[in-house]
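[1] 3D model of this:
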Amino acid sequence: MDTTYYEHGTPAERWERAQMFFDARDYAAAARVLNGLVEEVPEQTGPRLLLARAYYHSAQLRRAETELRVIVERDPVEHYARLMLGRTLQRQGRQDEAETHLRVASALAGDFVDRSE
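    Down below sits the predicted model:
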């Protein structure tokens, strides 16, 4: 079986490797590791969210959006995924669409705007 460095090891080892790449700001390498991990454990939010963040930071905004939409669809109250989705949409110039997700993220975080002022 031919495996590359990015695919080598247990899921836990690859998760640690992806986090190290991410922390070192090597977002493309982190995404390469996380792609396989997300395919292997698609039900886990952590790897998918880190993959979305790696895509976001490497300006792969459509890919980030795709991963974030999967998370939000599965767990509509996932605050950070909502926030990231809103910011991802903003960076793509889709402000109206972003506002909905940013408002929901604020509400989930308890950041209510006092509209009576």
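
[2] and the helix or strand containing residue 62, how far out from the chain's middle?
    Under the criterion DSSP states H and E, the helix or strand holding residue 62 is helix 61-74. Relative to the centre of its chain, helix 61-74 is centred 7 Å away, using Cα atoms, centre = their mean, to the nearest Å.

[3] what do you get for stretch 82-98?
    For stretch 82-98, the distance to the chain centre is 13 Å (Cα atoms, centre = their mean).

[4] avg pLDDT for that stretch?
    What stretch 82-98 shows for mean pLDDT is 96.

[5] Buried residues, it. List them.
    For stretch 82-98, a neighbour-count test (16 or more other Cβ atoms under 10 Å) marks 82-90, 98 as buried. For glycine as for every other residue, the C-beta is placed from the backbone atoms N, C-alpha and C.

[6] For the most centrally placed residue in the chain, which non-adjacent residue is spatially closest?
    The geometric centre of the chain, computed from its C-alpha atoms, lies nearest to residue 52 (Cα atoms, centre = their mean), at 2.7 Å. Excluding the flanking residues, the one nearest residue 52 by Cβ to Cβ, 6 or more residues apart in numbering is residue 67, at 3.9 Å.

[7] follow-up on the earlier one: so which of the buried residues of stretch 82-98 is the closest to residue 46?
    Nearest to residue 46 out of those is residue 84 (Cβ to Cβ; 13.5 Å).

[8] what about the closest residue to that closest one other than its chain neighbours, how many residues close to it?
    If you skip the residues right next to it in sequence, residue 84 has residue 68 as its closest partner in space, 5.5 Å away by Cβ to Cβ, 6+ apart. Residues near residue 68, counting by other Cβ atoms under 10 Å, number 29.

[9] ok, residue 68 - contacts?
    49, 52, 81, 84-85, 88 (Cβ atoms under 8 Å, 6 or more residues apart in numbering).

[10] Contacts for stretch 10-29 next, please.
    Everything outside stretch 10-29 that qualifies as a contact, by Cβ under 8 Å, 6+ apart, is 6-9, 30, 33-34, 36-37, 40-41, 46-47, 50, 53-55, 57-58.
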